[in-house]
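>>> structure of the sequence below:
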Amino acid sequence: MIPFNLPGDQELHDAFPYTFKIHKLTADVPPHTHNFLEYTYAFYGSGTEIINGMERPIGPGTFTLLLPHQVHQIKIDRGQELHLYIGAIGLQAIYGSDSGAASFGDILLRAGTEGDPSYQLEPELCQQLLPIFEKMHQEILINRPLSQLMFMTKLTEALILLERGCFTIKDMDTYRPPNKKGKMWEIILYVYQHFRDDIKLESLAERFYLSVPHISSSFKSIIGDNFHNFLEKIRISHACSLLISSNVPVTSVCFEVGFTSYATFSRVFRERLSMTPSDYRKLNHGAKL
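Numbers count the residues shown, from 1 in each chain. Purely as a prediction, here's the structure:
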């Protein structure tokens, strides 16, 4: 079964591409992917989270950061509930060209590629994060003057605390140099950051001093897909965001997201979404009216 794709709320395609909500789940969430980055924090109940086929329990104190295209689902046992803060971030916030967006995107992508996308946080860190998430939710709901700035300040604070608590080297005495999988996460991060460029397995092998066969097989084992499909997913996802959020000609969208041939772009788009880019734009523009 092909996981369905969630386009996200309209806000993710606007000037402030962030949402933050509370979801109270009482039933399973089927396998899906996103056209955006998603982070969740569980604060009540229990369930099972499945990311790229790997199961893990989810309950109070579980933080998950999902990059676009990671297949995600949640199972809820009958009679149980799971309450989550769920935040979404549009791709333009990650791939912006200004220095602020670049720094923010670097934190997000580095956090999302440090191996495991889901963490059971220590109680001390939970105590620090929960009031931050409560404040973020409050600012989104009330939308007062400077609420967006306050939201971004709190989100950045939360990400820094998470990076310090989960993603950095705490004990240099026990630190070991990254293994080949660690190098692969560097490559995956690079692809996310440079998907518009003419990236090929050969150029990645030269840049990261690994063989083409190793990179090719590692993509399949780590991501669950081959390199070319992975790159296509990123490009098509970003194309969807541009088609919804702008009136840029479809041909310009094609080249903006990294395709060098409109015929190839149109074919890949139709294969993945079962419609042409123009039809996708018409459908989603119509839904906004």
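>>> for K233, give its distance to V257.
Separation of K233 from V257 (CB to CB, to the nearest Å): 11 Å. For the C-beta atoms, the positions are set from N, CA and C on the backbone; glycine is no exception.
>>> ok, now Y41?
Counting by CB to CB, the gap from Y41 to V257 is 31 Å.
>>> nearest residue to the middle of this protein?
For the chain, the residue nearest the mean C-alpha position is L67 (2.2 Å; CA atoms, centre = their mean).
>>> was I right about that one contacting N35?
No - using CB atoms under 8 Å as the test, L67 is too far from N35 to be in contact (11.5 Å).
>>> which of the helices or strands spans F133?
Assigned by DSSP states H and E, F133 belongs to helix 123-142.
>>> quick one, the helix or strand that that helix is followed by and helix 123-142 angle?
Note on helix 123-142: by DSSP H and E, the next helix or strand toward the C-terminus is helix 147-162. For helix 147-162 against helix 123-142, the angle by axes from the mean of the first three to the mean of the last three CA atoms, to 10 degrees is 170 degrees.
>>> what's the distance between V29 and H23?
Counting by CB to CB - V29 and H23 are separated by 9 Å.
>>> more crowded one of the two?
Shown here are V29 and H23; by other CB atoms under 10 Å, V29 has more neighbours (16 against 12).
>>> how near is the more buried one to F227?
Applying CB to CB, the value for V29 to F227 is 28 Å.
>>> distance of Y280 relative to H194?
Going from Y280 to H194 by CB to CB gives 25 Å.
>>> neighbour count: the two, which is higher?
The residue with more neighbours, out of Y280 and H194, is Y280; 21 against 14, by other CB under 10 Å.
>>> hang on, the more buried one packs against L243?
Yes - here Y280 reaches L243: they are 5.7 Å apart, a contact under CB under 8 Å.
>>> need phi/psi at G59.
The phi and psi torsions at G59 (degrees, to the nearest 10) take the values phi -160, psi -170.
>>> distance check, it against E38.
18 Å.
>>> which one's more surrounded, the two?
Higher neighbour count among G59 and E38: E38, with 22 against 15, using other CB under 10 Å.
>>> that one sits in which helix or strand?
If you go by DSSP H and E, E38 is part of strand 36-45.
>>> listing partners with orientation, what would you give for that strand?
Applying DSSP bridges to the sheet, strand 36-45 is found paired with strand 62-66 (antiparallel), strand 82-90 (antiparallel).
>>> now the helix or strand just after the longest one - C-alpha only, PDB.
Following the chain from strand 82-90 toward its C-terminal end, the next helix or strand by DSSP H and E is helix 91-94. Listed next in PDB are the C-alpha coordinates belonging to helix 91-94 (Å, rounded to 0.1, in the frame of the first residue of the first chain):
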ATOM      1  CA  LEU A  91       9.600  23.800   3.500                       C
ATOM      2  CA  GLN A  92      10.200  27.400   2.700                       C
ATOM      3  CA  ALA A  93      11.200  28.000   6.400                       C
ATOM      4  CA  ILE A  94      14.000  25.300   6.000                       C
END
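>>> and helix 91-94, what does it pack onto?
Counting contacts by 3 or more CB pairs under 8 Å, 6 or more residues apart in numbering; DSSP states H and E, helix 91-94 is packed against strand 36-45, helix 99-112, helix 227-245.
>>> what residue ranges in the chain score low on pLDDT?
Along the chain, segments meeting pLDDT under 70 span 1-5, 7, 52, 69, 94-116, 167-182, 245, 285-289.
>>> using the three-state scheme, assign A27.
Following DSSP: H, G, I helix; E, B strand; the rest coil, A27 is assigned to coil.
>>> angles on the backbone of it, please.
According to degrees, to the nearest 10, A27 has phi -140, psi 170.
>>> likewise Q120?
Per-residue torsions, Q120: phi -90, psi 110 (degrees, to the nearest 10).
>>> related to what we said a few turns ago, specify the stretch among the strands paired with strand 36-45 that is closest to I160.
The minimum distance between I160 and those falls on strand 62-66, with 13.5 Å, by CB to CB.
>>> hmm, who's touching the closest one?
Outside strand 62-66, the residues that touch it by CB atoms under 8 Å, 6 or more residues apart in numbering are 34, 37-42, 49, 51, 58, 72, 108, 111-112, 117-121, 129, 162, 166.
>>> distance from the chain centre to that strand, please.
Its chain's average C-alpha position is 10 Å from that of strand 62-66, according to CA atoms, centre = their mean, to the nearest Å.
>>> again, but for stretch 46-59
Put simply, stretch 46-59 sits 17 Å off its chain's centre (CA atoms, centre = their mean).
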